[in-house]
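# Give me a 3D structure for the following:
(2 chains)
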Amino acid sequence: MIQVEGLTKFYGEFVAVNELSFTVQPGEVMGLVGPNGAGKTTTLRCLSGIIPPTRGSVRVGGHDIVRDAIAAKKQFAFFTDEPRLFDYLTVWQHLNFVARIYQVPDYERIGRELLEELEIANKQDALPGELSRGMKQKLAIACGFLHSPKVIYFDEPLTGLDPLGIRRMKDSILKRARDGAAIIISSHLLHLVEEICSRLLILKNGRKVIDGTLEEVTRKFSEQPGDANLEEIFFRATSETGTGAPAVPPLLPH
Amino acid sequence: MIAALLYLQYHTFRNRLVGRFKRLKQPKYLVGAIVGGLYFYFYFFRYLFRGFGGRPAVNMSFSSGHLLLFELAGALVLFVIVVLAWIIPHERAALTFTEAEVAFLFPAPVTRRTLIHFKLVRSQFGILFTTLLFTLFSRRFGGNAWIHAFGWWLILSTLNLHFLGSSFARTLLLDRGISNRLRRLLVFGLAAVMAGAVLVWARQTLPELRSADTTGFDEILAYAQRVLTAGPALYLLYPFRLVVRPFLAQDAAAFFVALAPVLLLLVLHYLWVIYSDVAFEEASVEASQKLAVRLTAVRAGNWQAARKNQKARRPWFKLAATGPYATALFWKNLIGVGQVLSVRLWISIIVVVAVFGVIFAGKAQSHGLSIIAAFLIAIALGYSLLLGPQLLRLDFRNDLPLADILKTFPMRGWQIALGEILAPVAVLAALQWLLLLVGAGLILYLPVKQEALFLAIALGAAVLLPVLDALLLLIPNAAVLLFPSWIQTGKDSPRGIEATGQRLVFALGQLLVLLLALLPAAAAFVGIFFLLYCAFGPAAAVPLASFAATIILAAEAGFGVVLLGKLFERFDVTEEHTS
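From the prediction side, this is the model:
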């Protein structure tokens, strides 16, 4: 569903993403993790056609994001870390607008169901300025899910959600994966990745450190089976000393 | 403690200044600074410097009668401002702090009085800057630069303290159970009683203003002077006249004589503010949050979001779920336009126009009025072309901060470009057609024989104007995609002299592009007009030539939309953020 081959992105002379290749199949949830500045957001932006890759190819649902951008863009939804909404459109007007952009004839029924599911049905006539951060996030999600995307990108999806919202968001992601969507989640919340992702891709300095199922990754970075959780794996994988040496910083300074 | 606050203020100012100088390394800021500097020098500063030995732009000398009139007019303006300051605001007293200041200062061991002092010191930065601007302007008309500067400073500082004191007083009234409505009613009633007293006194004491007097401006001024310098108005305006007087002083001696009473007023205001024991913290926290939201919106070029009272607007038409993609953006931006130009406003405009139309129709003989109205319509049309595309920014200039979202839409670049500019084009065209309609109606009452020719011109303009609007809107939209950091959008919109210079360079560039774009259409218009003029006369030649010019402009606009779409497709959102 998502095929990335040799994706490279330069900002001037700075290499933000370097020769990145991976595939995400329908039903898979891939966690994209890495330290700050690793290239996660740039990768997601290239995958969603927001910025053009310098080299390499990205295919979404079989369509090249550069050469066949329209067909590719119809396949996915991209949720940014900060909900990006139009200040002067109400909740329902956002859905109406997105329905026309993605040509969703049955948007009224789907929209109502989504608003009910996300518990913002009573805010239909509210402007984004009247919504809390979490509600804005829910509206962005409703807009994204309106055209039933087959590919979904999340950039820090849990930011600003309350515990119930977090639970519902996790359920929603897993439900979409079960329905056959290919999902990429970029997050610093390793427990979220551990809980809902079936695959993991760790980036560092724009390069892929490792890509595989959680079991494969755990096996590679564990000295003995089961001796490392994802947090430890992350530190080992992104440590300066290389892959083998433990580099987990202590919680408290000695 | 105040030293720490001054330290904060000093370093904030210094670091901002250093940042401005550092960015002059970039050619775009350097060029802007040079052009902006030249502009400010030639338009303002040279008159200021000449104040210490040279001549102002317009060396106006004023008689004592004129000065008295200025003093009265200034006092009247201040009086109205002060009355409004007691009537209009409804919020509780809130000193404006930034979110960072609230976070650091409010939990800190700082007394309320220190916070007020900090606020007063900080407001002096704004007052001094405004004083400089006002002095640069007023100095153009003569007078001593330093007297103007001190005069402006005294006026602005007194007003600033009065606003603060009145906000504290409003809050105290609220705390004592006097609602905003009651307070407004009382102040308005008091102002009405004062105005009534002045009117009654004037009627009883002064000879009636005859209609013959109203024909001469000097007679009206003389009458107003008599009303305002005696009776109740004398006492009402006296404190305000004291505030204005130093500014109008003609020499140092007069200035120092006028200075003492204002300083006394200033000190009294200061004591009023300092000794008002009002809890402003809660309202300040709320105000700082609102300010932060508005600042973010303004810095992102989103003036609509920066408006205080945004209301949900109904769409102008029902958007079907399927159909051309560009319509979605058109629909969306029209809703945004509705924040400024609501349906109610449009109806009001039409009603006003209709009422005036009926009045003019009823006075068909009053050709003089019709000519004035037609002239005003022509001016309004000109301004709609000149200012309309700058003011109606519901296009890429507004949506660029959301460019990353627009780029994920399954739309081609030209579709997004078309959708973005359609709303301002439609609004401008609707306004212009309305003006033309009224103009066409007036033509029927004009004392000219060539009614057909004027109607033909109106018809030609009606066809030509929408495509001209599109062209005029395409240029700034293309510019914003080509030079995002030069235009007011993105999160780091430039400010200062260099930004003014950039805007000047930019405006000249836009004008040049527009002239180039208009050349082919103008050539076609002239050619066809002269070709048809001999055979059919001007009444037929004008609309036909306009149609031909419209076709060329429409082709250019179509090409422009495609080009704009390509520019948007190539627009790199990350480069925009890092620029």
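
# Neighbours of residue 123, how many?
Reading this off chain A. Counted with other C-beta atoms under 10 Å in any protein chain shown, residues neighbouring A:K123 total 19. C-beta coordinates here come from the backbone N, C-alpha and C atoms, glycine included.

# switch to chain B, that's the one I care about
Counted with other C-beta under 10 Å, B:S123 comes out at 18.

# Closest residue of the stretch 401-550 of chain B to chain A?
Residue of the stretch 401-550 of chain B nearest chain A, by C-beta to the nearest C-beta: B:P410 (3.9 Å).

# Now do the contacts for that residue.
Each residue near B:P410 by C-beta atoms under 8 Å, 6 or more residues apart in numbering or on different chains is listed here: A:A69, A:I70, A:A71, A:K73, A:K74, A:I101, A:Y102, B:Y325.

# Could I get these in TSV, plus columns for pLDDT?
As requested, these are arranged in TSV below (pLDDT from 0 to 100):
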residue	pLDDT
A:A69	91
A:I70	92
A:A71	93
A:K73	93
A:K74	93
A:I101	93
A:Y102	94
B:Y325	93
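
# between those, which has the most around it?
Among the contacts of B:P410, A:I101 has the most neighbours (other C-beta under 10 Å), with 26 neighbours.

# if I read this right, A:K208 contacts A:M30, doesn't it?
No - here A:K208 lies out of contact with A:M30, judged by C-beta atoms under 8 Å, at a distance of 12.0 Å.

# Compare these two and say which is more crowded by neighbours.
Taking other C-beta under 10 Å, A:K208 and A:M30 do not tie; A:M30 has more neighbours (23 against 20).

# The host helix or strand of that one packs against which elements?
Assigning secondary structure by DSSP states H and E places A:M30 in strand A:29-33. If you count contacts as 3 or more C-beta pairs under 8 Å, 6 or more residues apart in numbering or on different chains; DSSP states H and E, strand A:29-33 packs onto helix A:40-47, helix A:163-178, strand A:182-186, helix A:190-196, strand A:199-204.

# which residues in the stretch 51-200 of chain A form strands?
For the stretch 51-200 of chain A, applying DSSP state E, counting those that start in this stretch gives strands covering A:55-60, A:63-64, A:76-79, A:151-155, A:182-186, A:199-204.

# mind putting those in a markdown table, distance to B:I347 included?
Shown next, in a markdown table, are the strands of the stretch 51-200 of chain A (distance: least, C-beta to C-beta, whole Å):
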| stretch | distance to B:I347 |
| --- | --- |
| strand A:55-60 | 47 |
| strand A:63-64 | 48 |
| strand A:76-79 | 40 |
| strand A:151-155 | 45 |
| strand A:182-186 | 49 |
| strand A:199-204 | 57 |
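
# I'd like to know which of those strands is closest to chain B.
Across the strands of the stretch 51-200 of chain A, closest to chain B is strand A:76-79 (C-beta to the nearest C-beta), at 5.1 Å.

# Touching that closest one from outside, list them.
A:44, A:47-48, A:50, A:60-61, A:140-141, A:144-145, A:147, A:149-155, A:157, B:408.

# So what pairs up with the residue nearest the centre of chain A in the strands?
Closest to where the C-alpha atoms of chain A average out (C-alpha atoms, centre = their mean) is A:F154, at 2.4 Å. Beta bridges link A:F154 to A:F79, A:I185, judged by DSSP bridges.

# circling back: got any residues that touch both of A:K208 and A:M30?
Common neighbours of A:K208 and A:M30, using C-beta under 8 Å, 6+ apart, are A:F22, A:L201.

# what's the distance between B:V35 and B:R140?
Applying C-beta to C-beta, to the nearest Å, the value for B:V35 to B:R140 is 21 Å.

# quick one on the thing from earlier: deepest of the helices and strands packed on strand A:29-33, which one?
Greatest average neighbour count among the helices and strands packed on strand A:29-33 goes to strand A:182-186 (a mean of 26), per mean count of other C-beta atoms under 10 Å in any protein chain shown.

# Just name the closest of the contacts of B:P410 to A:I233, please.
A:I233 has its nearest neighbour among the contacts of B:P410 in A:K73, at 34.0 Å by C-beta to C-beta.

# which residues does that closest one contact?
Neighbours of A:K73 in contact, by C-beta under 8 Å, 6+ apart: A:S48, A:G49, A:V60, A:I65, B:T408, B:F409, B:P410.

# contacting residues for the nearest residue to the third one once chain neighbours are set aside?
Setting aside the residues directly before and after it, A:V60 is nearest to A:A72 in space (C-beta to C-beta, 6 or more residues apart in numbering or on different chains), at 4.2 Å. When contacts are counted by C-beta under 8 Å, 6+ apart, A:A72 is found next to A:G49, A:V58, A:R59, A:V60, A:G61, A:H63, A:D64, A:I65.

# what domains does the record give for chain B?
When chain B is parsed with automatic domain parsing, its domains come out as B:2-88+B:109-277, B:314-578.

# Any idea which of these gets closest to B:T98?
Closest to B:T98 of the domains of chain B is domain B:2-88+B:109-277 (C-beta to C-beta; 9.5 Å).

# roughly how far apart are the nearest residue to A:A69 once chain neighbours are set aside and A:Y102?
Nearest non-adjacent residue to A:A69, counting by C-beta to C-beta, 6+ apart: A:G49, 5.5 Å away. Per C-beta to C-beta, A:G49 is found 15 Å from A:Y102.

# for the stretch 151-254 of chain A, which spans come out with low pLDDT?
A:223-228, A:240-254 (pLDDT under 70).

# how about the residues of chain A near chain B?
A:11, A:42, A:45, A:48-52, A:69-71, A:73-74, A:76, A:78, A:80, A:84, A:86-90, A:93, A:96-97, A:99-107, A:125-127, A:129 (C-beta under 8 Å from any C-beta of the partner chain).
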